[in-house]
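Asks: Fold the stuff below for me.
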Amino acid sequence: MGYRSGHDSAKRDGDTALSQLQSAFDAYKTEQATLENAALRTWARRYQEQVAAGQRAEASYLEQIAQLESRNKQLQGQINDVTQRWIDEKGKSHPIECVFTRGFVRQYNAALGYDNASVDTGHSDSVAAAGTRSGTATGQPETTDTRLRDSGVSQRDVLANIIDNAGQCRRWRNQINALLDEREGLQK
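Replies: A predicted model of the protein is given here:
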């Protein structure tokens, strides 16, 4: 009886201790799972906020680009209205006679970064103010007289080029601002 009683008592004590440990471990696992779920929900909410901020930034950027394109198209459509005729103070209409010299076009292209752009051959990039194809051959030294000759570039050409360049600058500015907005949204 002593052996059996001791064995039963030890088993009961052991089962009680094991049950308490199991209960404590289960409580710990439940608490950990609750904390991990809360952390995951927080991260999921933050991720959703970041996605939403990115989508808002993208939508805003695309809307701005569409507005810029529309404005540029409108400005391009008005070029002829402001480059072909002018009205004096008496209300009389006159044709516009504006000459851009080859030297002017070279300076203009150089300012845009087209140092090797030739007035004589134009430039393959539509951003450069293309000149005429007449005159001295490419590579020949340019005289003062040649620099002061009509380039064939009109006010219309220069204004169209300025509109294109300004549109590109506004697109870049909007891209940078959209990236900054998205980055700000990601940091929240």
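Asks: Packing partners of the helix or strand encompassing Arg106?
Replies: Here Arg106, judged by DSSP states H and E, is contained in helix 102-111. Contact partners of helix 102-111 among helices and strands, from 3 or more Cβ pairs under 8 Å, 6 or more residues apart in numbering; DSSP states H and E: helix 144-147. Using the backbone N, CA and C atoms, a C-beta is placed for each residue, glycine as well.
Asks: Just the C-alphas of the helix it packs on, formatted as PDB.
Replies: The C-alpha trace of helix 144-147 is given here as PDB (Å, rounded to 0.1, in the frame of the first residue of the first chain):
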ATOM      1  CA  THR A 144      30.500  86.800 -89.400                       C
ATOM      2  CA  ASP A 145      28.300  87.200 -92.500                       C
ATOM      3  CA  THR A 146      27.200  83.600 -92.300                       C
ATOM      4  CA  ARG A 147      26.300  83.900 -88.700                       C
END
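Asks: Looking at that helix now, give me its mean pLDDT.
Replies: Averaging the model's pLDDT scores along helix 144-147 yields 82.
Asks: got it, and stretch 159-176?
Replies: 93.
Asks: same deal with stretch 51-69?
Replies: For stretch 51-69, the per-residue pLDDT averages 90.
Asks: my guess is Trp86 is in a strand, correct?
Replies: Yes: assigned with DSSP: H, G, I helix; E, B strand; the rest coil, Trp86 falls within a strand.
Asks: Per-residue pLDDT of it, please?
Replies: What the model reports for Trp86 is a pLDDT of 87.
Asks: Please report the number of neighbouring residues for it.
Replies: Using other Cβ atoms under 10 Å, Trp86 has 13 neighbouring residues.
Asks: do the same with Ser151
Replies: Using other Cβ under 10 Å, Ser151 has 25 neighbouring residues.
Asks: Can you spell out which helices and strands pack onto the lengthiest helix in the chain?
Replies: Identified as the longest helix of the chain according to DSSP state H is helix 2-77. Packing partners of helix 2-77 (3+ Cβ pairs under 8 Å, 6+ apart): helix 155-187.
Asks: In the helix it packs on, which residues are buried?
Replies: Counting neighbours by 16 or more other Cβ atoms under 10 Å, one finds that the buried residues in helix 155-187 are 155, 157-161, 163, 167, 170-171, 174, 178, 181-182, 185.
Asks: Could you give the separation of that helix from the chain centroid?
Replies: Computed by Cα atoms, centre = their mean, to the nearest Å, the separation of helix 155-187 from the middle of its chain amounts to 7 Å.
Asks: Same check on stretch 27-38?
Replies: On Cα atoms, centre = their mean, the centre of stretch 27-38 falls 43 Å from that of its chain.
Asks: Now it: average pLDDT?
Replies: 96.
Asks: ok, back up a step: ok, the buried residues of helix 155-187 vs Arg12, which is closest?
Replies: Gly185 (61.4 Å; Cβ to Cβ).
Asks: Leaving out sequence neighbours, find the closest residue to that closest one.
Replies: Once flanking residues are discounted, Gly185 sits nearest to Ala53: 2.7 Å by Cβ to Cβ, 6 or more residues apart in numbering.
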